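Enquirer: task: produce atomic coordinates for the following.
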Amino acid sequence: MRMIVGKILTEIGFEIVEAGDGQEALTVLSQNWPIDLAMVDWNMPELNGFEFVKAVRAESAYDEMKLMMVTTESEIEQVAQALEAGANEYAMKPFTKEVILEKLSLIGIEAVQS
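Expert: The predicted model follows:
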C-alpha cells in the first residue's frame, strides 16, 4: 500500500518521506518537519494508524499538518473514531489516483501535477 500511495503522490508532484510503522513515522515526522500531509494506514505495526493520529494531534506543533487515513478498515465506527481523533479525511482501499486527488482537494491540498 505504501508503494502505491507513494507512487500516486510522486506522480502528482509531491515529495515524499516514508516510514515502515507508526513509531518510525513519528521519528520521520520530527526529523523532516514541516510536513504538509501524512497518509497513514490503520493497520501498521508498533503504533497503528489510529494511535499515530492521536499522538500527532496531541502535539500542537503539528496542528497544521493534514492527516488522511488510507486503509481497508471500512466500519463506520472506525471512520468516526479516526475523524474524531483528528484525521482530516479517510480513504478506503481499493482507491484510485482520482479518489486520492479528490480527498486531497477536500482537505485543501491541491496536486502540483495531475
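
Enquirer: okay, and the residue nearest to Lys97 when sequence neighbours are not counted sits in which element?
Expert: Spatial nearest neighbour of Lys97, chain neighbours left out: Ile8 (4.9 Å); criterion: C-beta to C-beta, 6 or more residues apart in numbering. Yep, even glycine has a C-beta here, placed from its N, CA and C like the rest. Following DSSP states H and E, one finds Ile8 within helix 2-11.

Enquirer: got it, and Gly108?
Expert: Judged by DSSP H and E, Gly108 forms part of no helix or strand.

Enquirer: contacting residues around it?
Expert: Lys66 (C-beta atoms under 8 Å, 6 or more residues apart in numbering).

Enquirer: any idea how far Gly22 is from it?
Expert: 24 Å (C-beta to C-beta, to the nearest Å).

Enquirer: next, the residue nearest the centre of the chain: secondary structure please.
Expert: What sits nearest the mean C-alpha location of the chain, by C-alpha atoms, centre = their mean, is Met39, with 1.5 Å. Assigned with DSSP: H, G, I helix; E, B strand; the rest coil, Met39 falls in the strand class.

Enquirer: pretty sure it sits against Met65.
Expert: No - with contact defined as C-beta atoms under 8 Å, Met39 does not reach Met65; the gap is 11.2 Å.

Enquirer: lowest-confidence helix or strand of the chain?
Expert: helix 2-11 (a mean of 87; mean pLDDT, DSSP states H and E).

Enquirer: buried stuff in stretch 46-55?
Expert: Leu47, Asn48, Gly49, Phe50, Glu51, Phe52, Val53, Lys54, Ala55 (16 or more other C-beta atoms under 10 Å).

Enquirer: model confidence over it, on average?
Expert: For stretch 46-55, mean pLDDT rounds to 95.

Enquirer: contact partners of that stretch?
Expert: Contacts for stretch 46-55 (C-beta under 8 Å, 6+ apart): 21-26, 38, 40-44, 67, 69, 71, 78, 81-82, 85-87.

Enquirer: from the buried residues of stretch 46-55, which land in helices?
Expert: Gly49, Phe50, Glu51, Phe52, Val53, Lys54, Ala55 (DSSP state H).

Enquirer: fine, thanks again, bye for now.
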